[in-house]
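S.K.: Show me the folded form of this:
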Amino acid sequence: SGMAESLGVEIFPGFAAAEVLYAEDGRVRGIATGNLGLAKDGEPTDNFQLGMELCGKYTVFAEGSRGHLGKQLIERFSLDAGKNPQSYGIGLKELWEVPAANHKPGLVVHTAGWPLQPDTYG
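M.R.: Numbers count the residues shown, from 1 in each chain. Okay, here's the model as predicted:
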């Protein structure tokens, strides 16, 4: 972040983007942060601060895979038109204690996507 800031990039950590802001011509002009200092019931507390509009020539969305704003941008601009559907990968490690009668030392079973259908990635 220090290198980016030395080049003139403004970074606002600690403020969640709540909404995408659009210019009259439909392009993204920035984001609005959420309001701060709200009680559990949504009512303002003594620490209430109205959210800010942060606008710029460029807006970088770095909220992870298909974040809440990213989903809106994908739909609005048809960013997934003609593309493969989103796929996800997950790695799991487990330690099982199994009865000795069920254990075969050195046995490895690769399921290669089982029980998915052959035409489904996984």
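S.K.: all strands of this structure, in order?
M.R.: 17-22, 28-33, 36-38, 44-49, 53-55 (DSSP state E).
S.K.: Adding mean neighbour count and distance to residue 68, write those out as a markdown table.
M.R.: C-beta coordinates here come from the backbone N, C-alpha and C atoms, glycine included. A markdown table is the format used below for the strands of the chain (neighbours: other CB atoms under 10 Å; distance: least, CB to CB, whole Å):
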| stretch | mean neighbour count | distance to residue 68 |
| --- | --- | --- |
| strand 17-22 | 16 | 9 |
| strand 28-33 | 18 | 12 |
| strand 36-38 | 14 | 18 |
| strand 44-49 | 10 | 21 |
| strand 53-55 | 14 | 17 |
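S.K.: To residue 62, which of the ones you listed lies closest?
M.R.: strand 17-22 (9.8 Å; CB to CB).
S.K.: biggest helix in this structure, by residue count?
M.R.: Taking DSSP state H as the criterion, the chain has its longest helix at helix 68-76.
S.K.: What helices and strands are in contact with that helix?
M.R.: Helix 68-76 is packed against strand 17-22, with contacts defined by 3 or more CB pairs under 8 Å, 6 or more residues apart in numbering; DSSP states H and E.
S.K.: Contacts for the strand it packs on next, please.
M.R.: Residues outside strand 17-22 that contact it (CB atoms under 8 Å, 6 or more residues apart in numbering): 28-34, 51, 53, 55, 61, 63, 69, 72-73.
S.K.: State the mean pLDDT of that strand.
M.R.: Averaged across strand 17-22, the pLDDT comes to 95.
S.K.: Output it as CSV - backbone C-alpha positions only.
M.R.: Provided in CSV are the C-alpha atoms of strand 17-22 (Å, rounded to 0.1, in the frame of the first residue of the first chain):
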residue,chain,number,x,y,z
ALA,A,17,-18.0,-0.3,0.1
ALA,A,18,-21.8,-0.5,0.4
GLU,A,19,-22.8,0.6,-3.1
VAL,A,20,-21.5,1.2,-6.6
LEU,A,21,-22.0,4.8,-7.9
TYR,A,22,-22.7,5.3,-11.6
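S.K.: one step back: send the alpha carbons of the longest helix of the chain over as PDB?
M.R.: The C-alpha trace of helix 68-76 is given here as PDB (Å, rounded to 0.1, in the frame of the first residue of the first chain):
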ATOM      1  CA  HIS A  68     -21.700  -8.400  -3.300                       C
ATOM      2  CA  LEU A  69     -20.700  -5.400  -5.500                       C
ATOM      3  CA  GLY A  70     -18.900  -7.700  -8.000                       C
ATOM      4  CA  LYS A  71     -22.200  -9.600  -8.600                       C
ATOM      5  CA  GLN A  72     -24.000  -6.300  -9.300                       C
ATOM      6  CA  LEU A  73     -21.300  -5.300 -11.800                       C
ATOM      7  CA  ILE A  74     -21.300  -8.700 -13.500                       C
ATOM      8  CA  GLU A  75     -25.100  -8.400 -14.000                       C
ATOM      9  CA  ARG A  76     -25.200  -4.800 -15.000                       C
END
